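Undergrad: Okay, predicted coordinates and the sequence, questions at the end:
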Amino acid sequence: MFCGSELASWRKRIILILLTYFAIFSYSHTFFMLPPFLKKAGLEPQRIGWIISAFYLAATLCRPTAGWFIDRFGIRRTMVGASSICVVSALLLAFTDHTPGILYTIRLFMGGGFSVFVVSTTTYQSLVIPERIRGSAFAITSIGGVMTAFTIIPLAELFINRGWDLPYLLMASAASLWAMSMAFLLPPVQQDFSSNKTQKTSYAALFKETPIKFLLISCVFLGLTDASIAYVSSLAIGRGLNPSVYMVAISIGAIIIRLFGSGLYERVPRTVIAAPSFGAMGLALFGASFAASNFMIAFFGFLYGAAVGYGYPTHLALIGDMIPERFRGRASSMVYFSMDISWTLLPVYIGYASALAGISWAFRGFSLFAFGASILVYFFLWKRIGQKKGIHLH
């Protein structure tokens, strides 16, 4: 996993960042089992939907504010503040009455704290990881967000099935406390931008002085292609298949690539990998839409996971490649914001397309669109960007 002497020399810090991601995504992914918990508590499906969506609404809206907090207070204090909100809101969820209004409010604070913490973590690693190993390092650290599929989510499901409600709810409190402790364990960033008031770091300056808009275009298509995973269960069930087989295969593919496939970053520019990654995701979705057995849907799930294994680390690493250090907090905010917006847009398409042509053809149409978009984004965006001076390729 840590091939190369330089990558190995950064082993401790990379592992700390991986554990930080694992902690904060454990907090978020614990609530993948919240719908059945709330249903068992007697809440109506419509209310459950609003309570679940509150987290993601707050996460999306708070993405741009994260950059402001980082510029104002620094990375560590922002991480501590965000994780404190996560801790308090998780404890309130565990020990207060579960009325819809209270739950909705708590979920809003949960989403906000989670959003700011994730942006802060990404900003931290874009500042401390050297450009030469950034791609490989980001591939390794992103494993933290995938490990929950084999650990936290099954444990949460076990607690729910056994009727252990309080232990289930306290999982989020434990994860957020862990995230807070990681904020103190991470070595400090050498330069504190919260004390630098001489250079403008506004969003207007970010878009004027950096090529952030090109990165955001690519991130929107990556986010759109990734958002389709929310409807894979409908696709699989509609074809009489097991959706969990597809999800596990995705996780396995992503982890294998991030553990053993990072050597590609040493041979191929990240500007070359970015667009083909979501193009390959689109092709894997296209294949899955024709799957007639659990084996076939698992096969295409593995291919999709392998493409995801390159897609996200590549786009996040490009923040450090393309954006000056003083802008990276706000750049990280906008990258996540652009991908979050995609999760809002795709359901509209899937809803209308499924009603007109069925879920399988809705997937096929979008997957071909994603593949075509990847070709256009590569030739008209990344190929030109990669040829400009001052933008690192590896």
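TA: Looks like it arrived, so ask away.
Undergrad: what about this structure, any weak spots by pLDDT?
TA: Filtered on pLDDT under 70, the chain yields the residue ranges 1-9, 190-200, 230, 233, 386-394.
Undergrad: Would you confirm that N294 contacts S244?
TA: No. Shown here, N294 and S244 do not form a contact pair, counting by Cβ atoms under 8 Å, at 9.6 Å. Where C-beta positions appear, they are placed from N, C-alpha and C, glycine not excepted.
Undergrad: And the two? Which one has more around it.
TA: Between N294 and S244, counting by other Cβ atoms under 10 Å, N294 is the more crowded of the two (18 against 11).
Undergrad: who touches the more buried one in this structure?
TA: Taking Cβ atoms under 8 Å, 6 or more residues apart in numbering, we find N294 in contact with 241-242, 245.
Undergrad: Filter these down to just the buried residues.
TA: 241, 245 (16 or more other Cβ atoms under 10 Å).
Undergrad: Looking at the contacts of N294, spot the one nearest G311.
TA: V245 (21.6 Å; Cβ to Cβ).
Undergrad: From the chain's centroid, how far away is the helix or strand where that closest one lies?
TA: Using DSSP states H and E, V245 falls within helix 243-260. A distance of 15 Å separates the centroid of the chain from that of helix 243-260, by Cα atoms, centre = their mean, to the nearest Å.
Undergrad: Same question for it: list its buried residues.
TA: Here helix 243-260 shows 243, 245-255, 257-258 as buried, counting by 16+ other Cβ under 10 Å.
Undergrad: of those residues, closest to M79?
TA: Of the buried residues of helix 243-260, the one sitting nearest to M79 (Cβ to Cβ) turns out to be R258, at 22.9 Å.
Undergrad: surely the closest one meets P313?
TA: Yes. Look at R258 against P313 with Cβ under 8 Å: they come within range, at 6.9 Å.
Undergrad: Find residues that contact each of these two.
TA: Joint contacts of R258 and P313 (Cβ under 8 Å, 6+ apart) are 139, 142.
Undergrad: ok so, going back, go through the buried residues of helix 243-260 and name the one nearest A156.
TA: M247 (14.5 Å).
Undergrad: Does that closest one touch V232 like I think?
TA: Yes. Applying Cβ under 8 Å as the test, M247 and V232 come out as touching, 7.2 Å apart.
Undergrad: which residues do those two both contact?
TA: With Cβ under 8 Å, 6+ apart, M247 and V232 have no common neighbours.
Undergrad: same for the helix or strand hosting R134, what does it pack against?
TA: Assessed by DSSP H and E, R134 sits inside helix 134-141. Applying 3 or more Cβ pairs under 8 Å, 6 or more residues apart in numbering; DSSP states H and E, one finds that helix 134-141 contacts helix 11-29, helix 100-128, helix 243-260, helix 264-267, helix 294-322.
Undergrad: Can you report phi and psi for P269?
TA: Backbone torsions for P269, taken as degrees, to the nearest 10, come to phi -60, psi 140.
Undergrad: What's the separation between it and G135?
TA: 9 Å (Cβ to Cβ, to the nearest Å).
Undergrad: Check T225 too.
TA: 20 Å.
Undergrad: which parts of stretch 72-90 are buried?
TA: Buried, per 16+ other Cβ under 10 Å, within stretch 72-90: 73-90.
Undergrad: Contacts for that stretch, please.
TA: 24, 27, 66, 69-70, 106-107, 109-110, 112-117, 120-121, 123-124, 127, 169-170, 172-173, 175-177, 179-180, 183-184, 186, 188-189, 192-195, 329.
Undergrad: you'd agree A292 is up against F300?
TA: No. In this structure A292 lies outside contact range of F300 using Cβ under 8 Å: 11.5 Å.
Undergrad: who has more neighbours, those two?
TA: When A292 and F300 are compared for neighbours, F300 comes out ahead with 22 against 10, by other Cβ under 10 Å.
Undergrad: Tell me how far that one lies from G145.
TA: From F300 to G145 the distance is 21 Å (Cβ to Cβ).
Undergrad: swap in L108?
TA: According to Cβ to Cβ, L108 stands 22 Å off from G145.
Undergrad: same check, this time on V116
TA: Distance from V116 to G145, by Cβ to Cβ: 16 Å.
Undergrad: ditto for T30
TA: In terms of Cβ to Cβ, T30 sits 13 Å off from G145.
Undergrad: between the two, who's got more neighbours?
TA: T30 (25 against 20).
Undergrad: okay but that one is in contact with E157, surely?
TA: No. Counting by Cβ under 8 Å, T30 does not reach E157; the two are 10.4 Å apart.
Undergrad: Drop anything exposed from the contacts of stretch 72-90.
TA: In the contacts of stretch 72-90, the ones that pass as buried (16+ other Cβ under 10 Å) are 24, 27, 66, 69-70, 106-107, 109-110, 112-117, 120-121, 123-124, 127, 169-170, 172-173, 175-177, 179-180, 183, 186, 193-194, 329.
Undergrad: ok, back up a step: closest one to I14 out of the buried residues of helix 243-260, please.
TA: Of the buried residues of helix 243-260, the one sitting nearest to I14 (Cβ to Cβ) turns out to be R258, at 11.6 Å.
Undergrad: Quickly note the distance from the closest residue to the closest one other than its chain neighbours to A362.
TA: Once flanking residues are discounted, R258 sits nearest to A139: 4.4 Å by Cβ to Cβ, 6 or more residues apart in numbering. As judged by Cβ to Cβ, A139 and A362 stand 31 Å apart.
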